[in-house]
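**Student:** Whatever this is, show me its structure:
(chains A, B, C, D, E and F)
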Amino acid sequence: MNILILIGIAMLAPVAGGLLTGIDRIISARLQGRQGPPLLQPFYDVLKLCQKESIEVNSMHRFFVYISLAFVVFTTVILLSGGDILLAIFALTLGSVFFVLGGYASNSPYNTIGSERELLQIMAYEPMVLLTCVGLYYAENSFFVKDIVAAQTPSIVYLPGVFVGLIFILTFKLRKSPFDLSMSHHGHQEIVKGITTEYSGKDLAVIEVTHWYEVIIALALVYVFFATAAPMSHVFAVIVCLLVYFLEIIIDNGAARVKWQQALKSAWIVTGIMGTVNLIILSFFK
Amino acid sequence: MSVVKKSPWILHYDGTSCNGCDIEVLACLTPLYDVERFGIINTGNPKHADILLITGSVNEQNIPVVKQLYEQMPDPKAVVAVGICATSGGIFAECYNVVGGVGKVIPVDVYVPGCAARPESIIDGVVKALDILEVKRKKR
Amino acid sequence: MGNRTIVPFGPQHPVLPEPIHLDLVLEDERVIEAIPRIGYIHRGLEKLVEKKDYQQYVYVAERICGICSFMHGMGYCMSIESIMEVEIPERAKFLRTIWAELSRLHSHLLWLGLLADAFGFESLFMQSWKLREQILDIFEETTGGRVIFSVCEVGGVKKDISSETLNKMKEVLTAMEKELKEAAAVFLNDSTVKLRTKGVGVLSREAAFELGAVGPMARASGIEMDIRSQGYAAYNQLDFKPITDQGGDCYARTKVRIGELFQSIDLIRQCIAIIPDGEVKRKVTGNPKGEHFTRLEQPRGEVLYYAKANGTKFLDRVRVRTPTFANVPALLETLKNCSLADVPILILTIDPCISCTER
Amino acid sequence: MSILRMSKTLLKNLLHGPYTVPYPVKRKETYERTRGKIEISIDDCIFCGMCERKCPTGAIQTDKSKALWSIERLQCIQCGYCSEVCPKKCLRMENQYTEPSYGNVRDEYVKCMNTQSPSES
Amino acid sequence: MAEQILKEISANDLLAETLKIKNDGYRLVAVTCTNKDGMELTYSFDKDHELLNLRILTDTETELPSISIIYPYSFLYENEIKELFGVKITGIMPDFNDSLYKIPVKTPFQMND
Amino acid sequence: MGAITGLILFPLAAALGILLVKNDEVRNMIVRVGAAGTAVLTLVVVGLYFKSGIALSFRLEKAIEAVMAIAETAIAVYVISIGIKYKKYVISVLSFVQAAAMLCFEFTVKHNIEVKHAMIFDKLTAIMVLVIGLVGSLICIYAVGYMKTYHIHHKEYKERKNFFFAVLFLFLSAMFGIVLSNDLTWMYFCWELTTLCSFLLIGYTRTKEARNNSFRALLINLGGGVAFAAGIIFIGIYYKTLELSVVTSMKPEAAMMIPVFFLSLAALTKSAQLPFSSWLLGAMVAPTPSSALLHSATMVKAGVYLIIRLAPLLGATPVGKTVTFVGGITFLACSLMAISQSDAKKILAYSTLANLGLIVICASIGTQESLWAAILLIIFHAVSKSLLFISVGSIEHQIGNRDVENMDVLLEISKKLALYMMIGIAGMFLAPFGMLISKWVAMKAFIDSNNVIIVIILAYGSAATLFYWTKWMGKLVSRANMNQQSESKFHLDEEIPITILAGMVVVSCFTFPLVSKYALIPYLTEVFGRTALIPIGTNDIKLMLCMLSMLILLPISFIPIYKNDKRRKVPVYMAGENTGDNETFYGAMNEKRKMELSNWYMEDYFGPKRLTLWSDVIAAAILVSGVIMMIGGMA
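**Tutor:** Modelled structure (predicted):
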């Protein structure tokens, strides 16, 4: 029974993630005055990639994306089944690290530069992610998602600053402009397709699916800020998640891609101010 | 079910085009024509692309580049020559540095006429190329 | 030094609409050295003049570049007309001016879109190109082609524009001006955009002069240089003053070009207001003999046409010195010590037209 | 600081709905002057060869003996020069462009007694 | 339109004339080469929209000094002329050694067909 | 009891033997036997006394102390004389001051103090002994192979191998002494001995740089020694005891803070915390085995060991806070500066500093949880870091230098070495591996003890850590497309220790729950007098192990696919200018140009030039404010 739930989470998360990506693409298109692709377009893309030939530059670099996917799935399952949020984040980081290593493994110019940028992004957002976990622990005295969402008051009450900081760095995680340095969903970037340049066929499909999981993970982090023991709060949390997602789409479409210096600085400064101030205030009341 | 036809990703390369066809290819992406309706994405990366759009004819220096891009695309793939220069060399066919149509360098599947090719034409051409993709996929 | 990264940039590259190659030597992301290589679009069309007669060559000249196509045709025709000492009808001059300014509008909008794309602002790219489509509609309605017009000929223009169409054009432009202001505000005021353009690729007035920069590139560095002020075509009857800026960076170039967008709309309005009636072309007979240097202002800057004729229908030589050709040294200068992320912006900032440059 | 300056335009676009022409379903209107492809009223043609000589790309061939006028569609650059020089004004620029094709398209028109028949090879 | 000022000079005077023009505050607009009835090089300069042309009559045998020491950005023009026309211009900085365009035919504008 | 004495004396005997033997082969044999013997003795000692622990008192105490006093004087004379010889008078003065003070103290006050247990062997000692004995002996064996190649590569240095090995063993003996001693004067003696060993080994090559760096190390450590001496004298005079166990069981009252502060200062210098960290970076000129042994795995741990011992007196006290923040600033600054380094040993040095900082934080916070983390960090860090150091040493011999940028060829040269290197790096920061587990617990401990600032420092520092390790790893995997392989042999003496250490890194991750259950929990329970809990839930441990198995199983599961792989291999994307060999492209001048790919170093942001001064100033300011707070607390 338990196993079934876990498998269910692992299966349904990408479906939801894919649908969200489809919605994202439609809304983005509409914001630009275009009609946009069909809702199921992300699925078509992935299925098509599976039907394509997978060419590769060496036999090793594909291996990393599969590990990366495995850890991201692992993270999703931990998070959604109410597990330890800090452990989940570590697993997610591990996934990201493998993804980056995959980029290095190709030894191709734009992949490597993409990896470097991806690594920089991880460095930029990692402190805030950790502080989010810390904040949740401060607020609810547990790292376990199932305890956090069973609290009486939603965590957002204690952690407004952390929440704002999280929204800021989610832009990195969702690969949205202005922080889509390493690989962008938009066609024209100075580093071609960044870290995914050398992947094709099934390997690229895996990356796409990994991204769907990551979307779900990102929104799950938002979710835990709002969910409480009250059943209605969960509905509210879902609505907030969607709103946040919409906000991210607006930001994506309303900003130029910044350079790494600004990405790093802004992320660390926002983390420093929002996270730190919030946590320090919280620690006074503890 | 075959989804090859539902998400053709495009790689555009400018041979020796005068920019006329180039900007029309780009215009296909813009709100008025919006080829993303058909799932078309302009990837700019041969390893992700299904369809190679070439505008302009090919000159000496471009030959290895075009060949290499074609080589680096995963199967099934199709080549669409956009504009008269790409199909036959057009008004520049007699120039000393122009080899002629793209067909002289790599196998072309669809020819899109026009000088410059209209966005509608380009969309039609890509749609025609989809059938070819489908055939090639079955062959694999 | 030590930790250098050397990568090829182009010819095929998503941010490059046209093939050009750079060997980039980077340190982290800083560009230490950028060595260009061109020749991917070189066709040798100047030599085509030996195979096409001087009237056929108008069609070749138009296809030197698909963006400033009309200006190329017009410049070529003007130099032949000068050699043959043909005075074209007044109305034709005005029509040429209107089309030229429309071309500038479309070219600058296209450039703005590509610039937005280069710094990863996709919706702004879409917005600019959406606006540009309205200009293309005007083109199609008045000339029959969206990018290549085929309306210029030696002795005038082939097609007239009716007064209803001119009035409609005015309305379209007025409506567009409003939308343009909105988009311009984003280009000039949005902080993320400013982060990418302000202080990037600074070219001082002296450097711009020393490197022979032309067009908006020079004007953004404070050099007041615009061949339109010489009053070719109908410009001598229009109220015109070149737009300049002192910044010298990408932001200043954006600002100059946006200023020119509004200026172009204004110039077209002026034209429509005072356009005289009458013929649009003069019958040209005989073959040219002599030589002439003609200069005019393209969207990208000053262009020079040189034609030498020998009295037969085939010319001896046609030479086009395009603005991008003159701006390449300035580009190479700005590329030094920039960031990899700035490379596409800097390449775009000269509004390159490689196809013009290499011909 | 002014971030998200674009959002006003974005939301306007969102509310306005797509500007896209649903192309295969509905075509954008063409204009009277739109240059698509060259058509010939073969009956009026006198096979003078003017179009053939003036064509910048050599797309047009005429054969007076066979009463044949043909055009290589993949070489035509739609400049309209042929229709301008045609003494009989039998060449005309159509609004509709040539369809993309899988191979070379050569349209041949033979002047018969009563009928014209375009055939493709 | 401005008058066409054309001043014919000898190859030996090129650098001196160019330097004078540069000191007068002119900018180089273009270097044009024509190959009919002998090589004909035209250097066009501009000051306040005034076009000044220097013309040199030469052939492919004579060596011609590069003006890239005076106008550094003349290197593109000179490389092009060297490659397409085969005019021997010496001391271009940087010299692409006839591979600016990488064309299959040698000096296409010099062939007499 | 005999075994413990043996543990100290056996390496000493080996050192003497090595010093006297001139024949290379015989000496190497002695080294191997000595190392193996030390390892066996270590296991024996731990096996004998682990369960119940033991406290020793020596009958011949006076005699031992007399020997020590003589040795101490001899050392002082030596140091003073070289100080004078090389015109480093400060060193002479420091040495003189501390020797004089200690001798005075020993002949006057100390007679009245009775030391009950000169040595105590408890669970913490057991862990330290294990780390020193096992890692130390492996490094000694490694050194045999390393030094052989070292002198082939570096003909310019005079060969003094017997001296080198002798000092290594002397050091092991001293190190055992430090962790076993309960008598502070004994500990002080061993402490000074390690300083001397470090000085001698850094100066091994006798180049100008080496000499300068060795003197810097000596200077800073002597300063620490003075502080140590001051602490001892203070304790001896005011509290009439010299036993560490007695001191730590006292109340953390205001007056107590003074000696604790001095001892902490000594510990901070030995652990190279920030204002005092320059010596460790300079120590990287020494041959790699000594860097591995002294400057990462063991000697620098002496400092944090002392702080762990003092933990009950630190905690929320002013000194505790001061030490915590010094550790914090060290952790952050060194993690950031490591980003800008490309010399492998420099990266390792900065990372060592950062991790020592982290251990210092954990130890000085002094809660059960944080000490748990601190001790585990010591274990994991020692194992992983020594693996990394000796791997780098071997790599240096294989590829000729130790620039990380050049390590991309490692996959071609030796897949094995690359794999071990990766295990070592993974051990330093990746999720299911040791360092991260400890970091996790540390974080929890910081939150529970309400140290928000430290939590934030940890968050930023870990992000930086992730950056520099991953890019290094990236370099290691980047040449995967090269098929040619030139298997160059590396010495068996090098390979065996590396393999064992790599195995230890992995095994230690699987077995940390056992270590926790049988060593840490009992130790912490004893120290704090209340039952300690394992800070990580069993569920999480299971998940962690699950992740670890995923990591290990995944590569294996891929092997069959590789075999019948029919995928088309194409050249990498080079914008259409590939020449076909994945290495070059057609450059601007139409020639084949080599593509080069390097990592980012962001010198302008994270370079030591930019950060060192500031972080030193901040750390010094923290120390000064600590002093002020302490005085304020007394008043």
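**Student:** Name the residues of chain D found near chain A, please.
**Tutor:** D:3-7, D:10-11, D:13-14, D:16-20, D:22 (Cβ under 8 Å from any Cβ of the partner chain). All C-beta spots, glycine's among them, are computed from the backbone N, C-alpha and C.
**Student:** Closest one of those residues to F:Tyr420?
**Tutor:** Nearest to F:Tyr420 out of those is D:Ile3 (Cβ to Cβ; 48.5 Å).
**Student:** Quick check: closest non-adjacent residue to that closest one.
**Tutor:** C:Ser191 (5.2 Å; Cβ to Cβ, 6 or more residues apart in numbering or on different chains).
**Student:** what does B:Thr30 give?
**Tutor:** C:Trp129 (3.9 Å).
**Student:** Could you turn the buried ones of the residues of chain D next to chain A into a ChimeraX selection?
**Tutor:** To isolate the buried members of the residues of chain D next to chain A in ChimeraX, using 16 or more other Cβ atoms under 10 Å in any protein chain shown:
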select /D:4,5,6,7,10,13,14,18,19,20
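**Student:** Can you tell me which of the residues of chain D next to chain A is closest to chain C?
**Tutor:** Nearest to chain C among those: D:Arg5, at 4.0 Å, using Cβ to the nearest Cβ.
**Student:** Any chance of the backbone angles for the closest one?
**Tutor:** phi -60, psi -20 (degrees, to the nearest 10).
**Student:** likewise F:Ala55?
**Tutor:** phi -120, psi 130.
**Student:** Touching, it and F:Thr125? I think so.
**Tutor:** No: in this structure F:Ala55 lies outside contact range of F:Thr125 using Cβ atoms under 8 Å: 10.5 Å.
**Student:** more neighbours, these two?
**Tutor:** F:Thr125 (26 against 14; other Cβ atoms under 10 Å in any protein chain shown).
**Student:** Against which helices or strands is the one helix or strand the more buried one maps to packed?
**Tutor:** Assigned by DSSP states H and E, F:Thr125 belongs to helix F:123-130. Here helix F:123-130 touches helix F:24-49, helix F:161-180, helix F:299-310, helix F:368-399, helix F:521-528, going by 3 or more Cβ pairs under 8 Å, 6 or more residues apart in numbering or on different chains; DSSP states H and E.
**Student:** again, only this time at 7 Å
**Tutor:** The helices and strands touching helix F:123-130, judged by 3 or more Cβ pairs under 7 Å, 6 or more residues apart in numbering or on different chains; DSSP states H and E, are helix F:24-49, helix F:161-180, helix F:368-399, helix F:521-528.
**Student:** so which of these gets nearest chain B?
**Tutor:** That would be helix F:368-399 among the helices and strands packed on helix F:123-130, by Cβ to the nearest Cβ, at 31.3 Å.
**Student:** how much space is there between the residue nearest the centre of chain D and chain B?
**Tutor:** Closest to where the C-alpha atoms of chain D average out (Cα atoms, centre = their mean) is D:Lys37, at 1.5 Å. Distance, D:Lys37 to chain B, using Cβ to the nearest Cβ, to the nearest Å: 8 Å.
**Student:** to the chain's geometric centre, what's the distance from the helix holding F:Thr125?
**Tutor:** Averaging C-alpha positions (Cα atoms, centre = their mean, to the nearest Å) puts helix F:123-130 15 Å from its chain's average.
**Student:** follow-up on the earlier one: in contact with the residue nearest to B:Thr30, which residues?
**Tutor:** B:27, B:30, C:113 (Cβ atoms under 7 Å, 6 or more residues apart in numbering or on different chains).
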